[in-house]
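Asker: build me a model from this:
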Amino acid sequence: QVQVAESGGGLVQPGGSLRLSCVASGRTDNGYRMAWFRQSPGEERDFVAAISWSGLTDYSNSVKGRFSVSRNSSSNTVYLQMDSLEANDAAVYFCAAAEGRYYTTSRHREDYFYWGQGTQVTVSS
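Answerer: Prediction:
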């Protein structure tokens, strides 16, 4: 069994920063490809950023240049550094994991088998 848990959400003013963390625990011997998605009320769950087991990264156009994803493979922890936050970045952010030593990333929800419960990010003055 694999568990994924996010933390670090909260309230931030426009232009501010937040760092989200995600830990994958349980069966971790094989490594993971991990990603962040976000969902606003009434909207689809959209891709934000991803990082492969090998460290390759990918970003949606809406966050490229403002967000940065990184990982600590020894602890199966992934971080999402969010800078220059805008009102439309407000959403519930979900971490997702796919077990395996992938050298590629994926933007597709169906490629990730383990999901966290989400952490709320609110951007407001």
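Asker: and the residue nearest the centre of this structure?
Answerer: With distances taken as C-alpha atoms, centre = their mean, W36 lies nearest the centre of the chain, 2.3 Å away.
Asker: that one and S125, how far apart?
Answerer: Separation of W36 from S125 (C-beta to C-beta, to the nearest Å) stands at 24 Å. For every residue, glycine as well, the C-beta is placed using N, CA and C.
Asker: repeat that for Y79.
Answerer: In this structure, Y79 and S125 are 26 Å apart, going by C-beta to C-beta.
Asker: show me the strands in this structure, by range?
Answerer: For the chain, the strands defined by DSSP state E cover 2-7, 10-12, 18-26, 32-39, 46-51, 57-59, 67-72, 77-82, 91-99, 114-115, 119-123.
Asker: buried residues in the third one, which are they?
Answerer: Spelled out, it's strand 18-26. Within strand 18-26, the residues scored as buried using 16 or more other C-beta atoms under 10 Å are L18, L20, S21, C22, V23, A24.
Asker: who are the packing partners of that strand?
Answerer: Applying 3 or more C-beta pairs under 8 Å, 6 or more residues apart in numbering; DSSP states H and E, one finds that strand 18-26 makes contact with strand 2-7, strand 32-39, strand 77-82, strand 91-99, strand 119-123.
Asker: would you mind writing the CA trace of the shortest one as PDB?
Answerer: As requested, C-alpha coordinates have been extracted for strand 119-123 and formatted as PDB (Å, rounded to 0.1, in the frame of the first residue of the first chain):
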ATOM      1  CA  THR A 119      -4.100  21.000   0.200                       C
ATOM      2  CA  GLN A 120      -5.900  24.400  -0.200                       C
ATOM      3  CA  VAL A 121      -4.100  27.300  -1.600                       C
ATOM      4  CA  THR A 122      -5.900  30.700  -1.300                       C
ATOM      5  CA  VAL A 123      -4.500  33.800  -3.000                       C
END
